[in-house]
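Student: Sequence first, predicted coordinates after that:
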Amino acid sequence: MTVRIDRTRCIGSGQCVLAAPDVFDQSDDDGLGFVMIAEPPADLLPGVRDAVDRCPAQAVGLEE
Amino acid sequence: MTEAAVCPVLHERDHPLHGPTGFAEAVSDGPVKMLWPNGVEAWVVSSYAGARQVLSDPRFVTRKGGHPEMRTDSGEPVLDADQPGNINAIDGEAHLRLRRPLSRGFMVKRMNALRPRIQQIVDEHLDVMEAKGAPADLVTSLCLPLPSLVIAELLGVPPEHQELFQVTATDIFGKNGSKDEYVAHATKLADVLAPIVAGKKDAGTNDDLIGLMVNDTDFSMDELIFLCIGLLAAGHETTSNFLGLFTLHLFEQPEQRAILQGDPARADVMVEELMRYTVGHLGGAGLTRRATADVEVDGVLIKAGDWVSVSLLANLDEELCPRAAELDLDRETVSHLGFGFGPHQCLGANLARAELQIGLRTLFTRFPNVRPAVPVTQMSYRTDMITYGAASIPVEW
């Protein structure tokens, strides 16, 4: 399972950071989201799925 | 072509905390074409899936190009189609160019860093309210000054302008204003903002939002001033209304209030549920878009050029969560549309969250017996604004 953020879509809303703060953060340089743990352990996956659902720009992906 | 149903009068409500009378019933069977009081016909989309689809599909645009506005009674646009910096009426890459630098100013970590200051402002205002004694008006004691002070500090405008900003923000959100009135209000703000912006340019600093926009972006001066006006106006009105409405819902639902008071540390999750519920129940006409291609939504073909109004009644769709019409503060956070969805989702959402969480938690822990001094249904509500809320909330404790 690999987590990705499509930076061409990201608007920097930070919803992923709220949904899964251990997996996502926002860059100080441009505010856009980035992935801290690309292959998160199982216990973090519910938060990641929540981030996929909540991202207003539909920029977060989880490839199974 | 199907005859458009006439839209119910949007400011008539059976209960001040419920949506416009007859509206939910009128739109419950999927996209319905409605005739607005100003003569515009628009599809109302109110399902959860349909709302997400319209708000995130780039074929539905916010740029209306001089066409009539749905949200003014006259139907006349108050803004020029090409108003520089109008972030709410621009799409695609041109929108991202404005949006992304602003998002940086509202990053989650920046908002979290503001929390101690927000707490301090809340504490100081509740100190004053307590010292003056009951009854007090919660709107002027807390709901309005809190977001007003915070947005001014975040932008980096000196506190002496705060009153002017507060009054003018209210004027700008008045929905019946003509274009001339709107321009007059906006000019008043622009005249104050211009020297502040120029000062930050000379100083070269980027430690507040205006500084960041002036010195870290390619925004033109016209764009910058208009964006500042938008941020000030939005920052004053919306959070203030919601802090009041959340409190009123909790007054009306003591069993839910007990859940907050029993576990105030969970206020962050509860604010999401209050946002979902409150926005859903206000749920009249919502966010307007225009189709640029034929697109099927909820089984209905919306044609290129058609208007679409996304009603946030969608927050009460059972597809989103079970018992969606009920407030349940034990609920885990769901992907509600209280801050919108898609690239235009509320820019200040993370700031609003921090203010609402801290404001609500502090009010109900510090004044465990806070209660309305007059019945909630007899308070006065502002029906003359684009935003909706209580004009005053008399409380005792």
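Tutor: Arrived safely, thanks for sending. Residues are numbered from 1 along each chain as shown, chains lettered A, B, ... in the order given.
Student: Which of the helices or strands spans the residue most central in space within chain A?
Tutor: For chain A, the residue nearest the mean C-alpha position is A:Cys16 (4.5 Å; Cα atoms, centre = their mean). Applying DSSP states H and E as the criterion places A:Cys16 in helix A:15-19.
Student: How about B:Leu248?
Tutor: Assigned by DSSP H and E, B:Leu248 falls in helix B:221-252.
Student: residues in contact with the closest residue in space to B:Arg289 that isn't next to it in sequence?
Tutor: Residue nearest to B:Arg289 in three dimensions, not counting chain neighbours: B:Phe60, with 4.0 Å by Cβ to Cβ, 6 or more residues apart in numbering or on different chains. Where you see a C-beta, it was placed from the backbone N, CA and C, and this is true even at glycine. Contacts of B:Phe60 were listed using Cβ atoms under 8 Å, 6 or more residues apart in numbering or on different chains, and they are B:54, B:289-292, B:295, B:308.
Student: What score does the closest residue to B:Asp268 other than its chain neighbours have for pLDDT?
Tutor: Leaving aside its sequence neighbours, B:Asp268 sits nearest to B:Gln357 (Cβ to Cβ, 6+ apart; 5.2 Å). pLDDT recorded at B:Gln357 is 98.
Student: B:Gln357 against B:Ala267, yeah?
Tutor: Yes. Using Cβ atoms under 8 Å, B:Gln357 makes contact with B:Ala267 at a distance of 4.6 Å.
Student: Let's see stretch B:302-320 as PDB, backbone CA atoms only.
Tutor: The C-alpha trace of stretch B:302-320 is given here as PDB (Å, rounded to 0.1, in the frame of the first residue of the first chain):
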ATOM      1  CA  ILE B 302     -27.400  19.200 -16.800                       C
ATOM      2  CA  LYS B 303     -26.800  21.100 -20.000                       C
ATOM      3  CA  ALA B 304     -23.800  23.400 -20.800                       C
ATOM      4  CA  GLY B 305     -24.700  26.900 -19.600                       C
ATOM      5  CA  ASP B 306     -27.100  25.800 -16.900                       C
ATOM      6  CA  TRP B 307     -26.800  27.200 -13.400                       C
ATOM      7  CA  VAL B 308     -26.400  24.800 -10.500                       C
ATOM      8  CA  SER B 309     -26.900  25.500  -6.800                       C
ATOM      9  CA  VAL B 310     -25.300  23.000  -4.500                       C
ATOM     10  CA  SER B 311     -27.400  22.900  -1.400                       C
ATOM     11  CA  LEU B 312     -25.500  21.800   1.700                       C
ATOM     12  CA  LEU B 313     -28.600  20.000   2.800                       C
ATOM     13  CA  ALA B 314     -26.300  17.300   1.400                       C
ATOM     14  CA  ASN B 315     -24.900  17.100   4.900                       C
ATOM     15  CA  LEU B 316     -28.100  15.400   6.100                       C
ATOM     16  CA  ASP B 317     -28.000  12.700   3.400                       C
ATOM     17  CA  GLU B 318     -28.000   9.200   4.900                       C
ATOM     18  CA  GLU B 319     -25.400   8.300   2.400                       C
ATOM     19  CA  LEU B 320     -23.000  10.400   4.400                       C
END
